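# Build me a structure from this.
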Amino acid sequence: MAPQLDGYFKQVDDMSNHFIERLRQAVAIPSVSSEALRRPDVVRMGHFLADELTKLGATVELRPLGKQHGTNLDLPPVVLARYGSDKKKRTILVYGHYDVQPAEKEDGWNTEPFDLTVLDDGRMFGRGSTDDKGPVLGWLNAIEAHQKAGIDFPVNLLMCFEGMEEYGSDGLEDLINEEGKKYFADADAVCISDNYWLGTEKPCLTYGLRGCNYYSVEISGPGADLHSGVFGGTAQEPMTDLVRVLASLVDTDGKIQIKGIAEQVAPVTKEEEGLYDGIAFTMDTLHEALGSKTTIFEDKKSTLMARWRYPSLSVHGVEGAFSAPGAKTVIPAKVIGKFSIRTVPNMEIEKTHQCVYKHVQEAFDKLNSKNTMKVYEQHSGKWWVASPHHWNFAAASKATQRVWGVQPDFTREGGSIPVTITFEEATGKNVLLLPMGSSTDGAHSINEKLDKKNYIEGIKLLGAYLHYVAEEPMV
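Numbering: from 1, shown residues only. Just a heads-up that it's a prediction; the model follows:
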């Protein structure tokens, strides 16, 4: 039987101004995890969440994580909370993060980034509105709406909210692995709301993410930076070598030139191919997002497959080279090129490392340079794919149809959310990505926003999901 949700939905509508005010209070806390001077604000945001959850009757623990790696700076606490402990009910574990990216008005914001600004058209601008304070508060709002409506909460809810996601989630993996069979032991499934619709009109459920291996190529020669007028033509230049090595990695159409990468990729199945046909996505949408028509492919299917299920290699920058405006005739003594490979099933992290190291070494050797070269990994995160046929996804699909009136697209994403596979491996349970915001929200960018409709309907969706997941057969 479909759950009776009309009373819950009405209560969410009636409390919409209250829920927007709660988001306004959260956005006003500049919880920028990457800035040491803002660390007290990140901690304050963690306490704000803990206080709000305590008021709602949850059992809350602020779990310390120790010092930030390589510093004497305390990490912000992880907010662990439990709402309900009925052994007759299923238990759902949800994750989110309460820290945000840096933001300053002079970066190009049209509004004050830490003052939630709601326009007449329903767009709500503010840093963290969609990434990830709106979705995190969605769970709290769902609890409160059930209470005010007098409706029994359908599951036991476990919550894990961290304050370092935007700066590497320092310390979180150890905590999740430690608590996988302790605090999280009774979780039947996991739900993460920290991603976005593919477009703006149709909701989606996400069942796959690419991994990310990040590398540095360091080339050095002279003992110090040199003047090109004095030393140009007399010294082999590290920058020249680096450009040629980086150019050997990938071609103009994005094809990776490193042997052993493509050979690892899992073949496409007929069932998988069929998932792409009905997805609501147009090349015009991509062109708008790009601000140009410089796409590699001209069709939807090839584009989505290149974005989701094939590896890609991107060159990100050069450390040590002159990059400021103007003309400076310096020859850098050492330069470090940075690039990443987005990995997919069935690529292995260590095997990919060896392919990269072999290619870069061979490319450098061909230059016959007297400079020295080192190539090394900065960090790596594994790809993740879940079954979209699991009962966790079936419940989310039914909830989406109930709230939005359409069947969701089943999507992968080209980016990485490393905590996804950490939860999967630590708990042994299915993980679902259930987005609230849309593709135009501009997470990490200037003028980040969350549409009022997505926020309010998203609160309904999170609550409806919990009702459907409570009764979905475990098959």
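# contacts for stretch 245-263?
217, 219, 296, 306, 311-315, 337, 339, 341, 347, 351-352, 354-356, 358-360, 363-364, 367, 373 (Cβ atoms under 8 Å, 6 or more residues apart in numbering). Yep, even glycine has a C-beta here, placed from its N, CA and C like the rest.
# now do 10 Å
For stretch 245-263, contacts defined as Cβ atoms under 10 Å, 6 or more residues apart in numbering pick out 215, 217, 219, 296-297, 306, 310-315, 318, 337-339, 341, 343, 347, 351-352, 354-364, 366-367, 369, 373, 375.
# Out of those, which end up buried?
Listed as buried from these are 215, 217, 219, 297, 306, 310-313, 318, 337-339, 341, 343, 347, 352, 355-357, 359-360, 363-364, 369, 373, 375; burial here means 16 or more other Cβ atoms under 10 Å.
# List the ones among those that fall in strands.
215, 217, 219, 312-313, 318, 337-339, 341, 343, 373, 375 (DSSP state E).
# Dump those to JSON lines, plus pLDDT and distance to residue 142.
Putting these into JSON lines (pLDDT from 0 to 100; distance: Cβ to Cβ, whole Å) gives the following:
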{"residue": "215", "pLDDT": "98", "distance to residue 142": "42"}
{"residue": "217", "pLDDT": "98", "distance to residue 142": "48"}
{"residue": "219", "pLDDT": "98", "distance to residue 142": "53"}
{"residue": "312", "pLDDT": "98", "distance to residue 142": "36"}
{"residue": "313", "pLDDT": "98", "distance to residue 142": "41"}
{"residue": "318", "pLDDT": "97", "distance to residue 142": "47"}
{"residue": "337", "pLDDT": "98", "distance to residue 142": "46"}
{"residue": "338", "pLDDT": "98", "distance to residue 142": "41"}
{"residue": "339", "pLDDT": "98", "distance to residue 142": "42"}
{"residue": "341", "pLDDT": "98", "distance to residue 142": "38"}
{"residue": "343", "pLDDT": "97", "distance to residue 142": "35"}
{"residue": "373", "pLDDT": "98", "distance to residue 142": "54"}
{"residue": "375", "pLDDT": "98", "distance to residue 142": "48"}
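# Need the mean per-residue confidence for whichever strand or helix holds residue 454.
Per DSSP states H and E: residue 454 is located in helix 452-471. Average pLDDT, helix 452-471: 98.
# gap between it and the chain center?
21 Å (Cα atoms, centre = their mean, to the nearest Å).
# ok, residue 106 to residue 442 distance?
Applying Cβ to Cβ, to the nearest Å, the value for residue 106 to residue 442 is 17 Å.
# who's more crowded, the two?
Neighbours were counted for residue 106 and for residue 442 using other Cβ atoms under 10 Å; residue 442 has more, 17 against 5.
# Residue 452 contacts residue 118, doesn't it?
Yes. Using Cβ atoms under 10 Å, residue 452 makes contact with residue 118 at a distance of 6.7 Å.
# which sections of the stretch 251-400 of the chain are below the confidence cut-off?
Nowhere does the stretch 251-400 of the chain drop to pLDDT under 70.
# Secondary structure element for the residue most central in space within the chain, which one?
Geometric centre of the chain, nearest residue: residue 417, 4.4 Å, by Cα atoms, centre = their mean. Under the criterion DSSP H and E, no helix or strand holds residue 417.
# May I have the beta-bridge partners of the closest residue in space to it that isn't next to it in sequence?
Spatial nearest neighbour of residue 417, excluding adjacent residues (Cβ to Cβ, 6 or more residues apart in numbering): residue 209 at 5.7 Å. Counting by DSSP bridges, residue 209 is bridged to residue 384, residue 413.
# which residues touch residue 209?
Listed by Cβ under 10 Å, 6+ apart, the contact partners of residue 209 are 195, 308, 342, 344, 381-386, 412-418, 420-421, 431, 433.
# Can you check what pLDDT the model gives it?
96.
# Ok, residue 1 next?
On the pLDDT scale, residue 1 gets 64.
# Quickly find the element holding residue 186.
Counting by DSSP H and E, residue 186 is part of no helix or strand.
# and it, how many neighbours?
Going by other Cβ under 10 Å, the residues that sit close to residue 186 add up to 14.
# got the phi/psi numbers for the nearest residue to it once chain neighbours are set aside?
Excluding its sequence neighbours, the residue lying closest to residue 186 (Cβ to Cβ, 6+ apart) is residue 91, at 4.7 Å. Residue 91 adopts backbone torsions of phi -120, psi 130, taken as degrees, to the nearest 10.
# okay but residue 203 is in contact with residue 465, surely?
No. Here residue 203 lies out of contact with residue 465, judged by Cβ under 10 Å, at a distance of 11.5 Å.
# so where do the helices sit in the protein?
Using DSSP state H, the helices of the chain run over 6-14, 16-27, 39-55, 134-149, 172-179, 228-231, 238-247, 270-277, 283-290, 300-308, 349-365, 391-404, 419-427, 452-471.
# ok, and for the fourth one, which residues are buried?
The neighbour-count check on helix 134-149 (16+ other Cβ under 10 Å) flags 134-146, 149 as buried.
# could you dump those residues to CSV with distance to residue 52 and pLDDT?
Below are the buried residues of helix 134-149 laid out as CSV (distance: Cβ to Cβ, whole Å; pLDDT from 0 to 100):
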residue, distance to residue 52, pLDDT
134, 14, 98
135, 15, 98
136, 10, 98
137, 8, 98
138, 12, 98
139, 11, 98
140, 6, 98
141, 10, 98
142, 13, 98
143, 10, 98
144, 9, 98
145, 14, 98
146, 15, 98
149, 18, 98
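# Quickly name whichever of those residues is closest to residue 280.
Nearest to residue 280 among these is residue 135, at 21.0 Å by Cβ to Cβ.
# Contacts only, for the nearest residue to the closest one once chain neighbours are set aside.
The shortest distance from residue 135 to any non-neighbouring residue, by Cβ to Cβ, 6+ apart, is to residue 193 (3.8 Å). Residue 193 sits next to 94-96, 132, 134-136, 138-139, 432-437, 458, 461-462, 465 when contact means Cβ under 10 Å, 6+ apart.
# Same check on residue 86?
152-156.
# Equivalent analysis for residue 77, please.
Applying Cβ under 10 Å, 6+ apart, the residues near residue 77 are 42-43, 46-47, 49-50, 61-65, 161-163, 171.
# Stretch 277-286: how far from the chain's middle?
21 Å.
# end-to-end on it?
17 Å (Cα to Cα, to the nearest Å).
# same question, stretch 435-446
Stretch 435-446 end-to-end distance (Cα to Cα) = 20 Å.
# Pull out the buried residues from it.
Residues of stretch 435-446 classed as buried: 435-443, 446 (neighbour count, 16+ other Cβ under 10 Å).
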